[in-house]
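Student: A predicted structure for the sequence below; I have some questions about it.
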Amino acid sequence: MHRGLSVIAIHARRVLSPPTENHIVTEPALIRVASIPAAHPYVRAITDTQRVRVLPDPAVPGAPADVWWPPVALTSPWLESRSADFDVLHVHFGLESFSPDELREALETAHRLGRPVVYTVHDLENPQLVDQHPYRELLDVIIPSADHLVTLTSTAAEEIERRWRRSSRVLAHPTLLDGAAVAERTVDETLRIGIHLRDLRPNIAAERAVRAAVDAAALLAQTGRAVEFEVLMHERVRDDAAATRVTACAEEHPEVRVRRTPRLSDAGIDAWIGGLDLFVLPYLHGTHSGWVELCYDLGVPVAGTDVGHIGSQHPDDFFVIDLDDPQTLVEAVALASDARHVAPCIAGRTATLRESGRTGGRARRARPALRHRTRRDLDGGTRMIGRERLRVMVVAPERHALRQPHAGGLEAVVWNRVRWLRSRGHDVQLCAAEGSDFLGANIDLHLPSPRWHQSRDASDTDFPEGHRRLMTDAFARVRDQLDAPATRVDVIDNHSLHGDPILWSRDIGVPVVTTLHTPPLADMVIASNALTGSSPHRFLAVSQYTARAWSAEGVEAFVFTNGVDTAQWSLGPGGGDWVWFGRIVPEKAPHLAIIAARRAGARLKLAGRVGDAAYFDREVRPLLGHGIDYVGALRQPELSALVGAASVALVTPVWSEPFGLVMAEALMTGTPVAAFDSGGTSEVLAGIPGTAIVPSADTDALAHAATALVEQTRLGLSRRVVREAASARHSLDHRHREIERVLTVAAQSAVPAHELADAEAVGA
């Protein structure tokens, strides 16, 4: 950061005083900068005192000594009188103190005096103002006029380029911590969520934020999750009536508390945020946020509204919420909790900080970020303006057709994705196995289905001889079509288990979002590791566990969990037989569910497609009868009715289960779930009542846990509460709204053909 700004200052000085031919320029030891302001914490943090000397803020007539605004240094008289004392004029804040004509006059004076102007674009919208029109007029003066532009995020730079056709250097916000230790907080079962309303400035949605906290606290209470919301608000505020309404709203729930305070010191703010598990940023408008930076340094994730480019600052730690939809805040709390417990307290959540940004390093609290867990990270931090119509190609898993009854959870997820995107008005092409629903007339997008010599040879883990070559040829045809000038695709939503679609982002520059639904597969790992840094590609993983597994293979992904359609999986009456449903294959081990049910003396119904006939004949068929019934592969309505009528659902994976959609589906009907602890199963069930996890393959423990859940229901465990908790975590509607945002922003990262050619030339 320091070196970057020093280089900018040096280069800026040369703009208006370029070296003459054959003349060697020796830079002085210090670059003298008139910074507006000079005393701001941001400016102090970025100042490399070995190379830059910042002039102090000139006194403001009639103002206290520590007040720098309105900035005298941005007036023509001051610039005229002090031009010999500085080399570069660097503007950060304070534009709103002037009219457009006054600002234009000051900038013209600086240029006439041979002093280059650097403008750091912190704010494309002024957080202190309601009416942005006067501020935009000021931006229209300074951005075209400045010799150099700096901003904090790549997405802000893109907006500047789009609006003013000016390029900007992106320099991330520095740490504002001083390198001292931050108080350690002991992790207990209570999650602490903080909201700071400050003095109720115009860009803070104070009342909506507290209403969201009250509603989220009520929803979280139903799940049994212990939370505390603390709302800080200054004693002196801009709107006393609004402050009264905020306090009254908070009183509706005992776990939401408003604390009025004087303006806290920097140390006081650090200590308060450092004790939180989640910080809520309820902005109405804005561009960047120092609060996000502080939370990042303290290792505290942020749940914030989708405004400006705030989510691009540290997307690993930013979760987008909608203040009018409290379930989004519930989900953010759940994700913060998962991050805390999945990688609990790195170094005991110690708060020793590395050297501060003044020495080039970035201070960071020793605490796991929401890596693999954020939504804002997924969409790159840019908001979707309105709702743009996308041209999407969905590449489905190629083994089975997308149609009911679904071959498995993966096929159900993609089938629902296509259906939902089309319902939203997007132009969706499907590339899938022949016989799938939603396929169009373009035969090149119809992938060949495996042709088995005998039905009993069919397998979910292998293909008939020669089929892999057919798939490679089929994907080559799809790639050629994508590369054709007439093809118009904004983004590819890739769910294939083949490596070739991953490489399309590298080879033809089309943005690809690949969801990792399985443990690492060699073909996909090789393709993923062959991507270049310029490839417009994003990887999503369906669970924390799956993301870690792929990370070990060099593929970094962000978790985007699967969801369940709450309309399709409705609340059921329960009270009937036990149920097991899913793919009937060895890794799902339904025979262990039969053994557990038998040991508990319970009746059990099994439903699902037989994916391994030899396994079914060897392990399952001999156990049928005497209260154990196999009902076949059911369409979704019949399957939902079966599961909703059950007393408990058994889930018995004996492989590294990536997610386990059947668990979320059963819970959505209100049916409790007893499952083996395998792969990501514990993540799916975490914090939801009516669930139990037992060691993998332990049928005795499974029988005992399932029996206990049935007894809990008999004693009063509400199936509706189970469903509501599951909906808060796994509602498909929330997932789809987020994937729409992901795909929209990914579509903006297409690489033009000439840039691909340049990259290939460099690589050669």
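Tutor: Yes, it's here.

Student: Okay, now the unreliable bits of the stretch 151-300 of the chain?
Tutor: The stretch 151-300 of the chain contains residues with pLDDT under 70 at 178-188.

Student: any idea where the strands of it begin and end?
Tutor: 169-170, 191-196, 227-234, 256-261, 278-281 (DSSP state E, counting those that start in this stretch).

Student: Verify the contact between residue 390 and residue 745 for me.
Tutor: No. If you go by C-beta atoms under 8 Å, residue 390 and residue 745 don't touch, sitting 10.6 Å apart. Just so you know, the C-beta spots here come from the backbone N, C-alpha and C atoms, and that holds for glycine as well.

Student: list the contacts for residue 437?
Tutor: 401, 402, 403, 415, 418 (C-beta atoms under 8 Å, 6 or more residues apart in numbering).

Student: please redo it, this time with the cut-off set to 7 Å
Tutor: 402, 403, 415 (C-beta atoms under 7 Å, 6 or more residues apart in numbering).

Student: That one: what secondary structure?
Tutor: Going by DSSP: H, G, I helix; E, B strand; the rest coil, the secondary structure assigned to residue 437 is coil.

Student: so what pLDDT did it get?
Tutor: Note on residue 437: pLDDT of 89.

Student: start the count at 5, not 1, going forward
Tutor: Let's use 5 as the start, then, which means that last one is residue 441.

Student: so who does the closest residue to residue 530 other than its chain neighbours touch?
Tutor: Sequence neighbours aside, residue 503 is the residue nearest to residue 530 in space, at 6.0 Å (criterion: C-beta to C-beta, 6 or more residues apart in numbering). Contact partners of residue 503, counting by C-beta under 7 Å, 6+ apart, are 527, 528, 530, 531.

Student: now swap in residue 153 and tell me
Tutor: 123, 125, 147, 164, 170, 172.

Student: Could you report the neighbour count for residue 140?
Tutor: A total of 13 residues lie near residue 140 under the criterion other C-beta atoms under 10 Å.

Student: got the contact list for it?
Tutor: Contacts of residue 140 (C-beta under 7 Å, 6+ apart): none.

Student: Check which residues of the helix or strand that contains it are buried.
Tutor: Taking DSSP states H and E as the criterion, residue 140 maps to helix 137-149. The neighbour-count check on helix 137-149 (16 or more other C-beta atoms under 10 Å) flags 139, 142, 143, 145, 146, 147, 149 as buried.

Student: what would those residues look like in a markdown table with pLDDT and distance to residue 555?
Tutor: Below are those laid out as a markdown table (pLDDT from 0 to 100; distance: C-beta to C-beta, whole Å):
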| residue | pLDDT | distance to residue 555 |
| --- | --- | --- |
| 139 | 94 | 43 |
| 142 | 96 | 45 |
| 143 | 97 | 41 |
| 145 | 97 | 47 |
| 146 | 98 | 43 |
| 147 | 97 | 40 |
| 149 | 96 | 46 |
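
Student: Report the separation between residue 73 and residue 96.
Tutor: Going from residue 73 to residue 96 by C-beta to C-beta, to the nearest Å gives 12 Å.

Student: again with residue 583
Tutor: From residue 583 to residue 96 the distance is 62 Å (C-beta to C-beta).

Student: returning to that earlier point: to residue 649, which of the strands of the stretch 155-304 of the chain lies closest?
Tutor: Evaluated with C-beta to C-beta, the strands of the stretch 155-304 of the chain place strand 231-238 nearest to residue 649, the distance being 33.6 Å.

Student: What's the local residue count around residue 620?
Tutor: Neighbours around residue 620, by other C-beta under 10 Å: 19.

Student: can you check residue 34 too?
Tutor: 13.

Student: helix/strand/coil for the nearest residue to it once chain neighbours are set aside?
Tutor: Once flanking residues are discounted, residue 34 sits nearest to residue 57: 4.6 Å by C-beta to C-beta, 6+ apart. Using three-state DSSP, the structure places residue 57 in strand.

Student: Residue 57 bridge partners, please.
Tutor: Bridge pairing for residue 57 (DSSP bridges) gives the partners residue 36.

Student: Fine, thanks again, bye for now.
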